[in-house]
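*Asks:* what follows is a predicted protein model with its sequence.
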Amino acid sequence: MSMLKKTFFKLIISILPISMCAASSTADIKNEIALFKNKLQDLEMRIATADQTNTDAITDKNIHTAATASIKHEHAKKIKPSQKNNKNLQSTLTSNSFQVTKSQTAGSPLPWQGPDIIALIAGGASAGYSKPSAQYGSFNLLDFNPIFLFSYKDLLFLRSAIDFSLDDQGNTQTSLNYTNLNIFLNDYVTLGVGKFDSALGYFVQNLSPSWINKLPDAPTGFNNGQATPQSEVGIQLHGGFPLFHTAKANYIIYISNGSQALVDTTNIVVNNINTSGFTNNYGNYIVGGRFGFLPIPKLEIGISAAGGKVVLLDMSNTTSILQNGRHYNAMGADISYKWDNLDLRGEIIQQQVSSQPGSIVPQAERWKAWYIQAAYRFSSTKWEPVIRYGKFTSPISSQQQGQLAAGLDYWITPSIAAQAAYEINHGQVGSGNNANLFLIQLVFGF
Amino acid sequence: MQRNNQVKLLSMLTGILLFSGFIQSYAIADATNNTGNAGNGAKVWADNCARCHNYRTPTEFSAQQSQVVMQHMRIQAGLTGQEARDAYAFLAEQTSHEQTTTSTLQDESKSTENNDNKASPTSTLPTKKPAVSAEKPTQQVSNGKTIYKQTCIACHGSNGKGAIPGVPDFTNKSGPLSKSDSILLRHTINGFQSPGSPMAMPPKGGNPKLSNADLQNVLTYIRQTFR
């Protein structure tokens, strides 16, 4: 505020000599009006800036009002309103003073600044080439994933992520990854409604964007239809809070429509759990969540669990309900640790349908996946080698896979990288899961 | 069957509301501050961003965009509201520092081109002469250590080698400590952009409450510990 006071003081000092000569001639008065208007406009801009940055709006207003009154008073003393131009000058002064005062009262609450609604498009994109062993390669890695973010003050936040990709025929595939509206109830609780990345586990909700994932591919078992839930449509409470002074915790709990189990009626087995997120799930719900604990900032340990019921559908005709209300549960645990330039991660997750005698598929079935990963960024360079080992087990033997992936990232900027990797895959002989894979791509997070 | 589902759904909602009530009471017990602190924000930024991805340059986004980014991260990373505001204060300060530096450089460039300004280039940030601490050397080091652990450690690390890629290494013989005290204090007071670093150090490490004597104490501690 002292700067503002000084500005007013300088303004008064600069106006004073002009005012002394105000009555000398009409031309001088016109110049004086123009100069004074410019000064006032400058003042308005300075006050508007002060509005945005000053936390004490009341003090600000008082000083401003006093200063404006002082200017008017000083000017009134020096200029006798005996001539027409002088009357115009007074009119201008009054008008400008009103505008400045009005602008002073406008503005949004601190600390968030700017307009009430602010929008931003963030997200990521990737493009590249892959080649399975003993097969031809192609430029088939292509993904554009914009995230539309809208905030209304510190109250409501809308997030919507759309995924664009191409199928083998070159047709554009579009999917709504998530759209959720979030209300900040207080510093520790946010209520969200809509479609979300699954809260279970860590990879899907936090590491899956191409510019964050240090390898061009997801760990085995972490794609849709495998062991890891992908999306939920429902309602969430999430947030974080400090624990024991130095530690921290974060949490998500939710109720959602849940998943659908697709049954292979030929082999009488549940082929996979579809976790895309459904708006109609035949009256079934799942409740679950994740709790993350950070004893120190560089270490996070998370546990996840969910339980509820799912519908069993015929995989060859997904409108055909084979059973409704089959028990389902999912569990997971994850850990991440950063030590200087070394990044260590591990995660295990499983989902299963329980046994139910008399059902068309009476046996319990379980899908389970895990991985461990280490990456090291060489100091003062842009190179980061990565290694990951993971395994996916499934009731369907052709789906199972063990995978060792080694990659090398070159970080052009913190969110632009060239990534290359080679995956050694072990699956059922003759299945696609048994082929090794070379991948190379360029990623960009924006 | 339908009635059974409704009862269960009601039970789930009740459970969530009870949990929410617990968290709400937690929130009330810990009275919140409605403003952000750039010093704390630097620590939030250093502690949380690399949990998932590389440290992105704080000046990649404008101050207004950073506001949206931090609200997004509040949800995505499970930050508290205060942490989000602190981190935003830090990012906004970084953006402001970048703009000031750019503006000053442009002004200097214009001055050189026009050759009509004989004054030496000046920073728009305060350039007060560093104060000399009146405390005893052991007291200086002790105070400096306390401040270092509160304000500096998030970026410079406990070993002085830098906790974030690009932060200069105090233990390097040709590093920052090869400069004189007066230069280092000026950088600390006014803020400084190290070549190759993704971020500029904010003035006074982001903690405007620190006096010049405090900063002198920190420098004494740094020289004694990491040289």
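*Replies:* Now that the structure is in, tell me what you want to look at.
*Asks:* and what about the one residue in chain B that gets nearest to chain A, helix, strand or coil?
*Replies:* Taking C-beta to the nearest C-beta, chain A has its nearest neighbour within chain B at B:Gly78, 2.6 Å off. In short, each C-beta sits where N, CA and C put it, glycine included. Secondary structure, DSSP: H, G, I helix; E, B strand; the rest coil: B:Gly78 is coil.
*Asks:* I'd say it and A:Asn250 touch.
*Replies:* Yes. Assessed by C-beta atoms under 8 Å, B:Gly78 is found in contact with A:Asn250 at 2.6 Å.
*Asks:* re the thing from before, got the contact list for the residue of chain B closest to chain A?
*Replies:* B:Gly78 makes contact with A:His238, A:Gly239, A:Gly240, A:Asn250, A:Tyr251, A:Ile252, A:Gly292, according to C-beta atoms under 8 Å, 6 or more residues apart in numbering or on different chains.
*Asks:* now a PyMOL select for only the buried ones of those.
*Replies:* Per 16 or more other C-beta atoms under 10 Å in any protein chain shown, the buried members of the contacts of B:Gly78 correspond to this PyMOL selection:
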select buried, chain A and resi 238+239+240+250+251+252+292
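*Asks:* of the contacts of B:Gly78, which ones also sit close to chain B?
*Replies:* A:His238, A:Gly239, A:Gly240, A:Asn250, A:Tyr251, A:Ile252, A:Gly292 (C-beta under 8 Å from any C-beta of the partner chain).
*Asks:* let me know the closest of the contacts of B:Gly78 to B:Gln224.
*Replies:* A:Gly240 (37.0 Å; C-beta to C-beta).
*Asks:* can you count the residues close to the residue of the stretch 301-446 of chain A found nearest chain B?
*Replies:* Closest approach between the stretch 301-446 of chain A and chain B, counting by C-beta to the nearest C-beta: A:Pro414, at 3.9 Å. Using other C-beta atoms under 10 Å in any protein chain shown, the number of residues around A:Pro414 comes to 20.
*Asks:* I'd say it and B:Ala50 touch.
*Replies:* No. If you go by C-beta under 8 Å, A:Pro414 and B:Ala50 don't touch, sitting 9.9 Å apart.
*Asks:* contacting residues for A:Asn206?
*Replies:* A:Asn206 makes contact with A:Ile212, B:Arg51, B:Cys52, B:Gln76, B:Ala77, according to C-beta under 8 Å, 6+ apart.
*Asks:* an error on my part: the question was meant for B:Phe90.
*Replies:* If you count contacts by C-beta under 8 Å, 6+ apart, then B:Phe90 has B:Gly36, B:Ala38, B:Gly39, B:Asn40, B:Gly41, B:Ala42, B:Val44, B:Trp45, B:Pro58, B:Pro202, B:Gly206 around it.
*Asks:* now a ChimeraX select for only the buried ones of the residues you listed.
*Replies:* Applying 16+ other C-beta under 10 Å to the contacts of B:Phe90, the buried members can be selected in ChimeraX as follows:
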select /B:36,38,39,40,41,42,44,45,58,202,206
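*Asks:* I'd say A:Tyr410 and A:Lys382 touch.
*Replies:* Yes. Counting by C-beta under 8 Å, A:Lys382 is a contact partner of A:Tyr410 at 5.4 Å.
*Asks:* tell me how far B:Val141 lies from B:Cys152.
*Replies:* Distance from B:Val141 to B:Cys152, counting by C-beta to C-beta, to the nearest Å: 14 Å.
*Asks:* list the contacts for A:Ser304?
*Replies:* By C-beta under 8 Å, 6+ apart, A:Ser304 lies in contact with A:199-201, A:288-291, A:330-334, A:349.
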